[in-house]
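**Q** Build me a structure from this.
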Amino acid sequence: MFTRVLFTTLLLGSTIILQISEDTSPLDPSLLVLYGLIVSIFLLSCLYAVMLNRVRQVLWFAYLQIIVDSIIVSLVIFVTGNFSSIFSFLYLVVIIYSSMLIFRNGSMTIALICSFQYALLVVLEYYGLLRPFAIEETLTAAHADWPQILYKILITTIGCFAVAFLSSLLAEQTRLSKKELWAMEDHIKRVEKMAAIGGMAAGLAHEIKNPLASLAGAIQILKDGVNLEADNSRLMQIVLREADRLSSLVNNFLLFAKPPAGKVESIALGKALDETVELFEKDGGCRAKISIQKEVFPELYIEMDPTHLSQVLWNLLVNAAEAIDGEGSIVIKIYSTKGRSACIEIADNGCGMSEETISSIFAPFFTTKQNGTGLGLSIVHSILESYNSRLGVKSRVGIGTTITLNLKRIDPPT
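**A** Numbers count the residues shown, from 1 in each chain. Below is the predicted model of the structure:
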């Protein structure tokens, strides 16, 4: 809005100065119209500024401003000569910034509106229904023939639509580049954070694991070598059970801190997915309440340890199932993307997550579940990082969550 005021003030102001320098009266009708346009633009900009924080439909508000701008450009063209005006290029300015605000379909719509307005101005002038200000008779549309009229309208229309297409294409590429840069920035921050936590976690887990194993072994020897009363035996059993649970937690913590180097093999993604889903569908957390749909692009291969891939897929399927309260569905897609990547997409229609939750889900021990350890996604993230792969999350509360894995694709083995 500020740029609009600045640009139109400079442009119209320079036109006024030019006309005055040619001994035109300051009260000339064409100048009065220009004065009115400048005042109107300032008043409209003040109105827009007041409405901006109160408008809920920002897209329609942008449409309104851009259409009004196209009308103002038509008035400028009419005042400065209509058919002979040099300011028809201002339509292109309106179209260019419309592509940045309302995208391709919107800019094409504005191009159509601008073309229609210009054609209407020229045709009305040709039939004598409009008379531009202070223009020599030989320069008006009324003194041109139809081929000239159609040629100018056609050139202006082609220019409007060409600029709309190209500018919207560039704007779309810019938006995608910004999204990729933001995603990369988030990914780097996450990796740096996880690396710092992982370094500390590895040392801490080793320090806990060794004395814990000694403690569990000593208790087992005491339990087997001493005749204990029923209550004492039960207490010993509780200690052993909790020691095993703590040991499992420490092992998961170590897996998060430094996933073991696996045996890399060529894996057919579709086949590996079928095997994991078949086992998952027999699991108690899935059976009879979750329907799983698969859309698999055939002949996609990656290099990865099969155990690591199974663990990643299993953890993600478990998370998807636990996010669904009651019956629901999980949709799994495998497809190829540009840059020789294989993409695995796992989408559920569960409870979804807020932006605040998404920013924390990869942190170790962060969980929204009553019985969760908070290490599942942390382990998935660490495993994928060891293969230089990326993981993305999109979620909406009450709608569901989509997890996307980007893995390096290889050629099928011969």
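
**Q** as a whole number, average confidence for stretch 127-141?
**A** Throughout stretch 127-141, pLDDT has a mean value of 66.

**Q** To clarify, my last question referred to stretch 169-183.
**A** Here the average pLDDT along stretch 169-183 is 84.

**Q** If you count neighbours, what's buried in that stretch?
**A** A171 (16 or more other Cβ atoms under 10 Å). Placement of C-beta: from N, CA and C, glycine included.

**Q** Pull the distance from it to the chain's centre.
**A** Between the centre of stretch 169-183 and the centre of its chain there are 9 Å (Cα atoms, centre = their mean, to the nearest Å).

**Q** Please list the outside residues in contact with that stretch.
**A** Residues outside stretch 169-183 that contact it (Cβ atoms under 8 Å, 6 or more residues apart in numbering) are 99-100, 103-104, 392.

**Q** Now restrict the residues you listed to buried residues only.
**A** 99-100.

**Q** Among the contacts of stretch 169-183, which are located in helices?
**A** 99-100, 103-104 (DSSP state H).

**Q** Quick check: longest helix in this structure by residues?
**A** The chain, longest helix under DSSP H: helix 146-225.

**Q** Following the chain past that one, name the next helix or strand.
**A** Following helix 146-225 in sequence order, the next helix or strand is helix 230-257 (DSSP states H and E).

**Q** Centre of the chain to the longest helix of the chain, how far?
**A** 10 Å.

**Q** Including pLDDT and distance to G159, could the contacts of stretch 169-183 go into JSON lines?
**A** As requested, these are arranged in JSON lines below (pLDDT from 0 to 100; distance: Cβ to Cβ, whole Å):
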{"residue": "S99", "pLDDT": "89", "distance to G159": "14"}
{"residue": "M100", "pLDDT": "87", "distance to G159": "18"}
{"residue": "F103", "pLDDT": "84", "distance to G159": "20"}
{"residue": "R104", "pLDDT": "87", "distance to G159": "17"}
{"residue": "G392", "pLDDT": "84", "distance to G159": "40"}
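
**Q** Pick the one among the contacts of stretch 169-183 closest to E278.
**A** Set against E278, the nearest of the contacts of stretch 169-183 by Cβ to Cβ is G392 (26.1 Å).

**Q** Could you export stretch 102-111 as CSV, keeping only the C-alpha atoms?
**A** In CSV, the C-alpha atoms belonging to stretch 102-111 read as follows (Å, rounded to 0.1, in the frame of the first residue of the first chain):
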residue,chain,number,x,y,z
ILE,A,102,-3.0,-13.8,-5.5
PHE,A,103,-0.9,-16.2,-7.5
ARG,A,104,-1.3,-17.5,-11.0
ASN,A,105,-5.1,-17.8,-11.3
GLY,A,106,-5.5,-14.4,-9.6
SER,A,107,-3.0,-12.7,-11.9
MET,A,108,-4.7,-14.3,-15.0
THR,A,109,-8.0,-12.9,-13.8
ILE,A,110,-6.5,-9.4,-13.3
ALA,A,111,-5.0,-9.7,-16.8
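
**Q** which of the ones in helices among the contacts of stretch 169-183 sit farthest apart?
**A** The most widely separated members of the ones in helices among the contacts of stretch 169-183, counting by Cβ to Cβ, are M100 and R104 (11.0 Å).

**Q** now the helices for the stretch 301-414 of the chain?
**A** 306-322, 355-358, 376-386 (DSSP state H, counting those that start in this stretch).

**Q** ok, and what's touching the shortest one?
**A** With contact meaning Cβ under 8 Å, 6+ apart, helix 355-358 is reached by 368, 393, 395.

**Q** can you do 10 Å?
**A** Residues from elsewhere that reach helix 355-358, judged by Cβ atoms under 10 Å, 6 or more residues apart in numbering: 186, 352, 366, 368, 393-397, 401.

**Q** Going by neighbour count, which of those comes out on top?
**A** Per-residue neighbour counts (other Cβ atoms under 10 Å) across those peak at T401, which has 23 neighbours.

**Q** now stretch 121-131, how far from the centre of its chain.
**A** Centre to centre, stretch against its chain (Cα atoms, centre = their mean), the figure for stretch 121-131 is 47 Å.

**Q** Could you list the alpha-carbon positions for it in PDB?
**A** Provided in PDB are the C-alpha atoms of stretch 121-131 (Å, rounded to 0.1, in the frame of the first residue of the first chain):
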ATOM      1  CA  LEU A 121     -11.800   2.600 -23.300                       C
ATOM      2  CA  VAL A 122     -10.500   2.400 -26.900                       C
ATOM      3  CA  VAL A 123     -13.800   1.200 -28.400                       C
ATOM      4  CA  LEU A 124     -15.800   3.900 -26.700                       C
ATOM      5  CA  GLU A 125     -13.400   6.500 -27.900                       C
ATOM      6  CA  TYR A 126     -13.600   5.100 -31.400                       C
ATOM      7  CA  TYR A 127     -17.400   5.500 -31.500                       C
ATOM      8  CA  GLY A 128     -17.100   9.000 -29.900                       C
ATOM      9  CA  LEU A 129     -18.600   8.100 -26.600                       C
ATOM     10  CA  LEU A 130     -15.400   9.100 -24.800                       C
ATOM     11  CA  ARG A 131     -13.300  12.200 -25.500                       C
END
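
**Q** Give the buried residues for it.
**A** 121-122, 125-126, 130.

**Q** Select from these every entry located in helices.
**A** Going by DSSP H, the helices hold 121-122, 125-126 from the buried residues of stretch 121-131.

**Q** Switch those residues over to JSON lines; also include distance to S310.
**A** As requested, those are arranged in JSON lines below (distance: Cβ to Cβ, whole Å):
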{"residue": "L121", "distance to S310": "68"}
{"residue": "V122", "distance to S310": "69"}
{"residue": "E125", "distance to S310": "74"}
{"residue": "Y126", "distance to S310": "75"}
